[in-house]
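Asker: Here is the input, now give the coordinates:
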Amino acid sequence: MKRIIAYCRVSTHEQAVRGISMDAQRRTLRRYCKLHELSLERVASDNGISGATIAKRDGLRGALADLEAGNADGLLVVKLDRLSRSVTDVLAIAGLAARQGWELHSVAEKIDTGTASGRFVLTVLAALSQMEREQVGERTRAALAELRQQGRRISGKPPWGYRFQDGDLVPDTDERAVVERMTALRGTGAGYKRIAAALGVNLRTGRPWTHTAVRSVLLRLQSATISG
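Answerer: Numbering: from 1, shown residues only. Here you go, the predicted model:
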């Protein structure tokens, strides 16, 4: 029987606004193990901590250390966003599992990397994430090239992810990181409200992101229209 470490996480915001319960996650994880005849070794958890990074999540880092040491055969979560809200981070953890020889299971996405179908789903997620990033870049470059060819001076409010420098539009490193996170979350199927909650404070305004602002940024990226 395969030995499983289950992991659950909830942020303070999710507890307050969405009512996500650690107990509910634990019940779902135990039912999954019983249904699939897996031995639940323990449940690791991080309570009141954001999914933006694993640096401060002792529960997840401890689980990963046990898996690396061979103390379990797999990691189980209710949903992939319990690991991270970044597709890139989730895929990095999946890559770690492949290299170290343990499995990743997700109840919601029906992923089991011990099976060919589970590995295929993760491959598709990786491909979609990469394609989204490349398409955004291509559309933006094409729009900028068109403006330069027309000899237009770019003015007004720059699109998110860019800033003006001597009349030209240049990438803004901090904002690009936010845009990439937006597109990654959207790639997982997250709605605009959920993305806004995950992003926290808008760097430009100093106020919390709203779902309408997130929608505006993403739609502008998709159409690659830049106001002159």
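
Asker: if I look at the most centrally placed residue in the chain, how far off is Ala198?
Answerer: Note on the chain: the residue nearest the mean C-alpha position is Ser86, at 1.9 Å, using C-alpha atoms, centre = their mean. In this view, Ser86 and Ala198 are 9 Å apart by C-beta to C-beta, to the nearest Å. For glycine as for every other residue, the C-beta is placed from the backbone atoms N, C-alpha and C.

Asker: And for Arg61?
Answerer: Counting by C-beta to C-beta, the gap between Arg61 and Ala198 amounts to 21 Å.

Asker: more neighbours, these two?
Answerer: When neighbours are counted by other C-beta atoms under 10 Å, Arg61 and Ala198 differ, and Ala198 comes out ahead with 22 against 14.

Asker: Just to check, the more buried one is in contact with Arg186?
Answerer: No. Counting by C-beta atoms under 8 Å, no contact exists between Ala198 and Arg186, whose distance comes to 10.9 Å.

Asker: Now do the domain split for the chain, please.
Answerer: Using automatic domain parsing, the domains assigned to the chain come out as 3-114, 132-223.

Asker: residues contacting Glu37?
Answerer: Contact partners of Glu37, counting by C-beta atoms under 8 Å, 6 or more residues apart in numbering, are Met1.

Asker: The one 3 residues further on now?
Answerer: Neighbour list for Leu40: Ile4, Ala6, Leu29, Arg30, Cys33 [criterion: C-beta under 8 Å, 6+ apart].

Asker: Averaged pLDDT, stretch 108-115. What do you get?
Answerer: Over the span of stretch 108-115, the pLDDT mean works out to 85.
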